[in-house]
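**Student:** Next input, structure requested:
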Amino acid sequence: MIEKEYTYQVGKEKKIERLIMDDHVNINHMILPKGEQLHEHFSDANIYMIVISGAVSLILNDQKVQRYPKGAILNIPNKTKMNVSNNDDEVVELFVVKAPAPTN
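**Tutor:** Prediction:
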């Protein structure tokens, strides 16, 4: 077989999975129930965030909080301060694509 299959978990519990980590791209899968968040951090690559359920709340650098619902695809530049959370009742599920992959 030429292709390589990757799988991700489904559920409603908080989960952060590193699915693909190679020289070209990193892909993470995240599930955030209501009230859950990631620790404040700076992006380490050019990021594409794909919201597949719920609505993610983001504070980037010193901007006000923005809410992005299912179907949103966001591009976040490298070295951007990020606060990622779920402030809604519905569970947030998203994929985070780092391309090109970070070199650290």
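**Student:** What helix or strand is Glu17 located in?
**Tutor:** If you go by DSSP states H and E, Glu17 is part of strand 15-21.
**Student:** how far is the helix or strand just after that strand from where the chain is centred?
**Tutor:** Using DSSP H and E, the helix or strand that directly follows strand 15-21 along the chain is strand 26-32. Distance of strand 26-32 from its chain centroid, counting by CA atoms, centre = their mean, to the nearest Å, is 5 Å.
**Student:** Give me the residues contacting the helix or strand that strand 26-32 is followed by.
**Tutor:** Next along the chain after strand 26-32, taking DSSP H and E as the criterion, comes strand 41-42. With contacts defined as CB atoms under 8 Å, 6 or more residues apart in numbering, strand 41-42 is touched by 79-82. Using the backbone N, CA and C atoms, a C-beta is placed for each residue, glycine as well.
**Student:** Most neighbours among these, which one is it?
**Tutor:** Within those, neighbour counts (other CB atoms under 10 Å) peak at Met82, which reaches 17 neighbours.
**Student:** before we move on, back to that, can you point out the buried residues in the strand holding Glu17?
**Tutor:** Across strand 15-21, burial judged by 16 or more other CB atoms under 10 Å covers Lys15.
**Student:** Mind listing the strands that strand pairs with, and their directions?
**Tutor:** With DSSP bridges as the test, strand 15-21 is paired with strand 26-32 (antiparallel).
**Student:** For the spatially closest residue to Gln9 that is not a sequence neighbour, name its beta-bridge partners.
**Tutor:** Once flanking residues are discounted, Gln9 sits nearest to Lys15: 6.0 Å by CB to CB, 6 or more residues apart in numbering. Lys15 forms beta bridges with Ile31, as assigned by DSSP bridges.
**Student:** do the same with the one 5 residues further on
**Tutor:** Beta-bridge partners recorded for Ile20 (DSSP bridges): Ile27.
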